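>>> predicted model and sequence follow; I will ask about them next.
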Amino acid sequence: MSNPQVLCLGEILFDCLADQLGQGLEDVESWTLYPGGAPANVACALVKLGTSAGFIGALGLDELGNSLIQVLQDASVNTEGVQRYFNVPTRQVYVLRNVYGDRNFAGFGKYETEKFADTLLQAELLPELLFQKADFLVLGTLELAYPESNRAVHHALDLADKYKLKVMLDINWRPVFWQNIDIAPQEIRSLFNKVDFVKLAKEEAEWLFDTDDPEKIIYKIDRAEGILVTDGGNGCAYCLGNNEGQLPAFPVDVIDTTGAGDGFTSGFIHQLLTYGVKDLNNTQIAKDIVVYASAVGALTTTKPGAITSQPTAAEVQVFLNRHFL
């Protein structure tokens with residue numbers, strides 16, 4: 001496999017989406033499995049947009065794990081960083097949806113959250129050679145919830161620092177993944193002095209920083225070069241380099257919001273690598289990058305599933321030619 005430009009570290013899993021909208025967990029009659037997991041979603045979306053990517057994470061040695069490896073390989077995502085483990089299952093997460101397509105995570109079925117293979121990601125097995133050749137590391141916070149994968153996250157950040165990778169952190173707060181949610185804020189904050197860009201939802205910003213203003217947040221993270229605050233159908237706000245702004249959301253017919261934020265992340269990184277970080281000080285380029293990210297996120301909501309719904313660069317361009325923010 002060729003050396004990927006972007007490394008995405010974290011979870012890959014199956015989202016089990018309720019087929020019946022607006023129903024509680026006990027009332028759902030059937031589920032459809034879609035591959036997902038934020039870092040894997042970003043990796044697949046990047047490749048589809050034209051930026052090479054690799055996934056680093058852990059899977060069970062089971063049929064679900066085999067299926068997810070195939071998903072990554074079919075998407076031309078580098079899988080050299082995938083670890084496999086016996087006697088632990090590949091994660092499935094059950095997702096309820098309301099009539100508007102918005103989701104609610106409803107747990108993991110018969111297993112406790114700490115019983116899945118992704119919690120076992122080993123720091124010493126991270127492929128250092130991939131870090132030597134890459135330009136960007138993307139990671140979330142779910143792996144911080146478990147001791148082994150927590151150490152792997154911090155080791156990955158050390159490697160990123162060693163080889164001068166830019167780092168993007170997607171907060172992706174999911175309480176259902178944590179056994180002890182009280183430790184989550186301090187664990188998440190422990191990453192802030194090691195990352196260059198932070199993407200977070202409005203409610204996550206208010207939770208961690210007591211504000212959803214990107215300009216105020218960037219002053220609280222010494223190293224940060226950019227903050228992106230997303231708010232679903234209400235659009236997003238950003239502070240990139242010396243530029244800040246707000247954008248409305250693109251009007252689309254929403255089918256499923258799963259993976260929309262990951263689409264936004266992939267669009268942002270793809271454009272950032274196209275232009276270069278130094279160009280964030282250009283007001284128009286900074287805005288154009290966020291507009292592109294918003295378009296990728298919007299298009300991802302128009303089909304079910306997080307990976308199957310991802311647009312190509314050509315589809316994004318057609319969309320942007322027809323829609324303006």
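Here it is on my side, so go on.
>>> report how many residues lie close to Tyr111.
By the criterion of other C-beta atoms under 10 Å, Tyr111 has 13 neighbours. In short, each C-beta sits where N, CA and C put it, glycine included.
>>> does it touch Val88 like I think?
No - between Tyr111 and Val88 no contact is recorded; they are 9.3 Å apart, counting by C-beta atoms under 8 Å.
>>> any idea how far the helix ranked longest in the chain is from the chain center?
Taking residue count as the measure and DSSP state H as the definition, the longest helix of the chain comes out as helix 283-300. The offset between the C-alpha centroid of helix 283-300 and the centroid of the whole chain comes to 16 Å, using C-alpha atoms, centre = their mean, to the nearest Å.
>>> report the mean per-residue pLDDT for it.
Across helix 283-300, pLDDT averages out at 97.
>>> which SSE is immediately downstream of that helix?
Proceeding N to C from helix 283-300, the next assigned helix or strand is helix 313-322, under DSSP states H and E.
>>> for that following helix, which positions count as buried?
If you call a residue buried by 16 or more other C-beta atoms under 10 Å, then helix 313-322 has these buried ones: 313, 316, 319-320.
>>> hang on, the earlier thing: what packs against the longest helix of the chain?
Helix 283-300 is packed against helix 38-49, strand 226-230, strand 236-240, strand 243-247, helix 260-275, helix 313-322, with contacts defined by 3 or more C-beta pairs under 8 Å, 6 or more residues apart in numbering; DSSP states H and E.
>>> alpha carbons of the longest one, in CSV - could you do that?
Put plainly, it is helix 260-275. Taking only C-alpha atoms (Å, rounded to 0.1, in the frame of the first residue of the first chain), the coordinates of helix 260-275 have been written out as CSV:
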residue,chain,number,x,y,z
ALA,A,260,-22.4,14.4,8.8
GLY,A,261,-19.8,15.8,11.2
ASP,A,262,-17.2,13.3,9.8
GLY,A,263,-18.0,14.5,6.3
PHE,A,264,-17.4,18.1,7.5
THR,A,265,-14.0,17.0,9.0
SER,A,266,-12.9,15.2,5.9
GLY,A,267,-13.9,18.2,3.6
PHE,A,268,-12.0,20.6,5.9
ILE,A,269,-8.8,18.5,5.9
HIS,A,270,-9.0,17.8,2.2
GLN,A,271,-9.1,21.5,1.4
LEU,A,272,-6.6,22.4,4.0
LEU,A,273,-4.1,20.0,2.4
THR,A,274,-5.0,21.4,-1.0
TYR,A,275,-4.3,25.0,-0.1
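>>> that helix vs strand 236-240, what angle?
Helix 260-275 runs at 30 degrees relative to strand 236-240, counting by axes from the mean of the first three to the mean of the last three C-alpha atoms, to 10 degrees.
>>> list the buried ones in the longest helix of the chain?
Within helix 283-300, the residues that qualify as buried by neighbour count (16+ other C-beta under 10 Å) are 285-287, 289-300.
>>> neighbours around Glu11, how many?
29.
>>> just the helices in the stretch 1-150 of the chain please.
With DSSP state H, counting those that start in this stretch applied, the stretch 1-150 of the chain shows helices at 38-49, 63-74, 128-133, 147-162, listed in chain order.
>>> from Val153, how far off is Val316?
Val316 sits 30 Å away from Val153 when distances are taken as C-beta to C-beta, to the nearest Å.
>>> one more: Phe177?
Taking C-beta to C-beta, one finds Phe177 at 13 Å from Val153.
>>> in the stretch 201-325 of the chain, where is pLDDT below threshold?
The model of the stretch 201-325 of the chain has no residue with pLDDT under 70.
>>> how about a cut-off of 90?
In the predicted model, the stretch 201-325 of the chain carries pLDDT under 90 at residues 222, 241, 254-259, 278, 302-309, 324-325.
>>> mind listing what the closest residue to Ala18 other than its chain neighbours touches?
With C-beta to C-beta, 6 or more residues apart in numbering as the criterion, Ala18 has its nearest non-adjacent residue at 4.4 Å, and that residue is Val28. Val28 makes contact with 18-20, 96, according to C-beta atoms under 8 Å, 6 or more residues apart in numbering.
>>> repeat for Ile218
For Ile218, the set of contacting residues under the criterion of C-beta under 8 Å, 6+ apart consists of 224, 226-227, 239.
>>> quick one on the thing from earlier: please identify which of the buried residues of helix 283-300 is nearest to Lys162.
When the buried residues of helix 283-300 are compared for distance to Lys162 (C-beta to C-beta), Ile289 wins out at 27.2 Å.
>>> and for the closest one, nearest residue in space, chain neighbours not counted?
Take Ile289 and drop its neighbours on the chain: the residue closest to it by C-beta to C-beta, 6+ apart is Gln271, 4.2 Å away.
>>> nice, that's everything, thank you.
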